[in-house]
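In: My questions concern the predicted model and sequence given below.
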Amino acid sequence: MNQNISTKKPQLWSRGTAFLRESLRDHDIDYTSGRIGRALGLLAIPMMLEMSAVGGLIIAFGSSVAAMFSADPEVIRYGTHCLRILGLGFPLSAIGIIISQAFNGAGDTTTPTVINLVCFWLIQIPLAYWLAKGIELGPNGAFVAMVVAEGLLTAMSVVLFRRGNWKITTA
């Protein structure tokens, strides 16, 4: 069965805006001040709303979206489940994207790299296998693992950003 459904397409706009904001880093932004945290909070709100709207649309119209890629009922069923589960995690993804790009914008590329390695390689892959095979959730277990990993990435990013070690990199 070929499941060639791109689940990251709706995030392209948010990633693009995050990269745009990150690219503004060389414009006299004082990353060591408390203002950057407030600015990121203001940026996160519209992105969360945007991703919530996209997630809502995907949840509501998941089967129609999946049907655009295949006429096979089994592919449509799995694609619909995948899109609906991932759609629930979109608001969290917005926050994770903003903060991850803020690290990059501040010149700290190590922190987001480590966070991504931990969340996606050390957590998501084994968790997906365990949920799919170990407790027999099947493909839905893999989809849930993707949302869990993204939520963990967001939580780790927020905690590490608040600690402020990234400010040392920019000094």
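Out: Thanks, I have the structure now.
In: Show me what the helix ranked longest in the chain is packed up against.
Out: Taking DSSP state H as the criterion, the chain has its longest helix at helix 35-67. For helix 35-67, the contact count by 3 or more Cβ pairs under 8 Å, 6 or more residues apart in numbering; DSSP states H and E identifies helix 11-23, helix 73-88, helix 90-105, helix 139-163 as packing neighbours. (C-beta placed from N, C-alpha, C; glycine too.)
In: which of those is buried the deepest?
Out: Neighbour counts averaged per stretch over the helices and strands packed on helix 35-67 are highest for helix 90-105, at a mean of 24; criterion: mean count of other Cβ atoms under 10 Å.
In: average model confidence for that one?
Out: Average pLDDT, helix 90-105: 86.
In: hmm, back to that, could you check the angle helix 139-163 makes with the longest helix of the chain?
Out: Note on geometry: by axes from the mean of the first three to the mean of the last three Cα atoms, to 10 degrees, helix 35-67 and helix 139-163 are set 170 degrees apart in direction.
In: T113: which element?
Out: helix 110-116 (DSSP states H and E).
In: What ranges in the protein fall below the confidence cut-off?
Out: Regions of the chain meeting the criterion pLDDT under 70 cover residues 1-37, 167-171.
In: buried ones in the helix or strand following the helix holding T113?
Out: Stepping forward along the backbone from helix 110-116, the first helix or strand reached (DSSP H and E) is helix 125-129. Residues 127-128 are the ones in helix 125-129 that count as buried (16 or more other Cβ atoms under 10 Å).
In: can you check stretch 38-46 too?
Out: Under 16+ other Cβ under 10 Å, the buried positions of stretch 38-46 are 40, 43-44.
In: now stretch 57-67
Out: Using 16+ other Cβ under 10 Å as the test for burial, stretch 57-67 gives 57-59, 62, 65-67.
In: Dump those into TSV; add distance to L83 as well.
Out: Supplementary listing: the buried residues of stretch 57-67 in TSV, determined by distance: Cβ to Cβ, whole Å:
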residue	distance to L83
L57	10
I58	5
I59	7
G62	4
V65	6
A66	6
A67	11
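In: Looking at the residues you listed, which is nearest A106?
Out: Of all those, the one with the least separation from A106 (Cβ to Cβ) is I58, at 31.8 Å.
In: Could you find the closest non-adjacent residue to H81?
Out: Nearest in space to H81, with sequence neighbours left out and distances taken as Cβ to Cβ, 6 or more residues apart in numbering, is N140 at 5.5 Å.
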